[in-house]
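**Q** 3D, please:
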Amino acid sequence: MIVPKSTSFTYKYIKKDASGAVTWESGDNRGYTTGSGAGYSVSDTWK
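**A** Below you'll find the predicted structure:
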C-alpha cells in the first residue's frame, strides 16, 4: 500500500481462512499518520 507523505488514515486487519471466511480483529480501528520522510513501517500485533 502506498500512502502519500503527511497523510492520516485508519485501518483494521482481517484473517481469512482456506474457505474464504473473514474474521475482523476486535476493538477500534487503528490509526497512523505518515511523516515527511520517504519511507515508513508499522509494526502491529493482532487484537
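**Q** against Ser6, how distant is Gly37?
**A** Using Cβ to Cβ, to the nearest Å, Gly37 is found at 10 Å from Ser6. No exception for glycine: its C-beta is placed from N, CA and C like everyone else's.
**Q** do Ser43 as well
**A** Per Cβ to Cβ, Ser43 is found 21 Å from Ser6.
**Q** next: Tyr32.
**A** Taking Cβ to Cβ, one finds Tyr32 at 12 Å from Ser6.
**Q** which of these two has more neighbours?
**A** Tyr32 (13 against 9; other Cβ atoms under 10 Å).
**Q** contacting residues around the spatially most central residue of the chain?
**A** Centrality entry for the chain: nearest residue to the mean C-alpha point is Tyr11, 4.3 Å, by Cα atoms, centre = their mean. The neighbours of Tyr11, taking Cβ atoms under 8 Å, 6 or more residues apart in numbering as the test, are Asn29, Arg30, Gly31, Tyr32.
**Q** just put those in a markdown table and tack on secondary structure and pLDDT.
**A** Output for the contacts of Tyr11, formatted as a markdown table (DSSP: H, G, I helix; E, B strand; the rest coil; pLDDT from 0 to 100):
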| residue | secondary structure | pLDDT |
| --- | --- | --- |
| Asn29 | coil | 97 |
| Arg30 | strand | 96 |
| Gly31 | strand | 95 |
| Tyr32 | strand | 94 |
